[in-house]
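Model the following, please.
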Amino acid sequence: MAVDELDTLILRLLIEQPRTSVREYARILGVARGTLQARLDRLERTGVITGTGPALSPAALGHPVLAFVHIEVTQGHLDEVGDALAAVPEIIEAFSITGGGDLLTRVAARDNAHLEDVIQQLIRLPGVVRTRTEVALRERVAHRLLPLVESVGREAAGRAARKP
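Numbers count the residues shown, from 1 in each chain. The predicted model follows:
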């Protein structure tokens, strides 16, 4: 989906001021409320905006240990293992990957013993051959999208400026 300069400004506001009303966003941007709402609807419909819920901290929820668990799966069992991962509450995300392993999961645990219990649960899943775990020591770059949004906006502005 093509994101233009106004979309970029809207996305920046959503990231920086998530609790602001649509009316206030429109005022800040100097556009009609209906224009802003139409843009928001399009950004949601096309999958650019995927949610509006709060960002939560696993650490603040009592799960400060973050680990990345690579899972190797028996050929032909990727879908069933992927489905089984959804039943493990400590798995925050899971992706099919290339390279060393078939799945990469992000796991939150209360402590190292709890992490070991989660890994043992994963190893027992039918179709799992082996796992490899990497424990995160410190977050160096927090999850962020604003730099990407701004880059996309600059590219859109550059394309618009080059059009005759």
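
what's the model's confidence in the lengthiest helix in the chain, averaged?
In the chain, with assignment by DSSP state H, the single longest helix is helix 146-162. The predicted model gives helix 146-162 an average pLDDT of 85.

Can you tell me which helices and strands it packs against?
helix 5-16 (3 or more CB pairs under 8 Å, 6 or more residues apart in numbering; DSSP states H and E). No exception for glycine: its C-beta is placed from N, CA and C like everyone else's.

mean confidence for the helix it packs on?
In this model, helix 5-16 has an average pLDDT of 92.

How about it, which residues are buried there?
7-14 (16 or more other CB atoms under 10 Å).

Between these, which sits nearest residue 101?
residue 11 (33.0 Å; CB to CB).

mind listing what the closest one touches?
Contact analysis of residue 11 by CB atoms under 8 Å, 6 or more residues apart in numbering lists 3, 43, 48-49, 145, 149.

still on that earlier bit, tell me the angle of the longest helix of the chain relative to helix 5-16?
Between the axes of helix 146-162 and helix 5-16, defined by axes from the mean of the first three to the mean of the last three CA atoms, to 10 degrees, the angle is 170 degrees.

Test my guess that residue 49 contacts residue 43.
Yes: using CB atoms under 8 Å, residue 49 is in contact with residue 43, at 4.5 Å.

With only the CA atoms kept, save the lowest-mean-pLDDT helix or strand in the chain in PDB.
Lowest on mean pLDDT, DSSP states H and E among the helices and strands of the chain sits helix 146-162, with a mean of 85. Output of helix 146-162 as PDB, limited to C-alpha atoms (Å, rounded to 0.1, in the frame of the first residue of the first chain):
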ATOM      1  CA  LEU A 146       8.500   5.300  14.000                       C
ATOM      2  CA  PRO A 147      11.900   5.400  12.200                       C
ATOM      3  CA  LEU A 148      10.500   3.000   9.600                       C
ATOM      4  CA  VAL A 149       7.300   5.200   9.200                       C
ATOM      5  CA  GLU A 150       9.400   8.300   8.800                       C
ATOM      6  CA  SER A 151      11.600   6.600   6.200                       C
ATOM      7  CA  VAL A 152       8.600   5.500   4.200                       C
ATOM      8  CA  GLY A 153       7.200   9.100   4.500                       C
ATOM      9  CA  ARG A 154      10.500  10.600   3.200                       C
ATOM     10  CA  GLU A 155      10.500   8.200   0.200                       C
ATOM     11  CA  ALA A 156       6.900   9.100  -0.600                       C
ATOM     12  CA  ALA A 157       7.700  12.800  -0.400                       C
ATOM     13  CA  GLY A 158      10.700  12.300  -2.700                       C
ATOM     14  CA  ARG A 159       8.500  10.400  -5.200                       C
ATOM     15  CA  ALA A 160       5.900  13.100  -5.100                       C
ATOM     16  CA  ALA A 161       8.500  15.800  -5.600                       C
ATOM     17  CA  ARG A 162      10.000  14.000  -8.700                       C
END
